[in-house]
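**Q** 3D, please:
(one chain, ligands or ions: 2)
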Amino acid sequence: TQRTLVLLKPDAVRRGLIGEIIGRIERKAGWTISALELRSLSQETLEQHYGEHKGKPFYEPLVAFMSSGPVVALVVDGERVIEGIRQLAGPTDPIAAAPGSIRGDFGVIVRENLIHASDSEESAERELKIFFPNLV
Ligand code: GTP
Ligand code: MG
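**A** Numbering: from 1, shown residues only. Ligands and ions are numbered 1, 2, ... in the order given. Presented below is the predicted three-dimensional model:
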């Protein structure tokens, strides 16, 4: 079974979509939330988390956006949860995301795409250490 890191981005929190999005995750059979916290992300945390994008044109605005308000960070455990939550989220560009997906239903702007979810087992392991270093 897998474990993944999910962030409900500041736009999701501001727009009152926390319950809506967590509800979709909760309703999937057999997935369990094992950590959940509202928190403001430091520049250091964001630099570690989005290090792969450093130097790209969207990096600075992305970090500014991600620190524009609190996020909800959660850890979800379950069968194929990494691929599963990426599927629930939809593609990065919300206009390309199908209706029915989180980004497809609620997003318009690429940067303000509501949710982050680890994209592979390696990413999940790396990101979980950044956000929940003490989780067993
Ligand atoms: P995350 O779950 O947030 O990592 O999204 P992702 O895995 O779907 O996309 P990726 O890791 O490639 O990019 C991280 C974030 O940077 C995206 O979620 C967007 O918010 C933003 N981003 C990525 N590509 C672009 C782009 O071409 N333009 C803009 N403005 N933002 C981008
Ligand atoms: Mg990503």
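
**Q** just give the nearest non-adjacent residue to residue 72, would you?
**A** Computed as CB to CB, 6 or more residues apart in numbering, the closest residue to residue 72 that is not its neighbour in sequence is residue 8, at 4.0 Å. For every residue, glycine as well, the C-beta is placed using N, CA and C.

**Q** for residue 112, that is, sorry about that
**A** Excluding its sequence neighbours, the residue lying closest to residue 112 (CB to CB, 6+ apart) is residue 11, at 4.2 Å.

**Q** OK, contacts around the one you found?
**A** Residue 11 makes contacts with 65, 107, 112-114, as judged by CB atoms under 8 Å, 6 or more residues apart in numbering.

**Q** does residue 72 sit in a helix or strand, and which one?
**A** Per DSSP states H and E: residue 72 is located in strand 71-78.

**Q** sheet-wise, list the partners of that strand with their directions.
**A** Strand 71-78 sits in its sheet next to strand 2-8 (antiparallel), strand 32-39 (antiparallel), going by DSSP bridges.

**Q** which residues are contacting stretch 116-126?
**A** Around stretch 116-126, the neighbours that count as contacts under CB under 8 Å, 6+ apart are 2-7, 9, 82, 85-86, 88-89, 127-128.

**Q** what about ligand 1: which of these touch it?
**A** Here nothing survives when the contacts of stretch 116-126 are matched to ligand 1 using CB under 6 Å from any ligand atom.

**Q** how near is residue 66 to residue 39?
**A** Applying CB to CB, to the nearest Å, the value for residue 66 to residue 39 is 12 Å.

**Q** between these two, which one's more packed in?
**A** residue 66 (22 against 12; other CB atoms under 10 Å).

**Q** nearest spatial neighbour of residue 7, chain-adjacent residues omitted?
**A** residue 116 is the one closest to residue 7 (CB to CB, 6+ apart), at 4.0 Å.

**Q** fine by me, we can end here.
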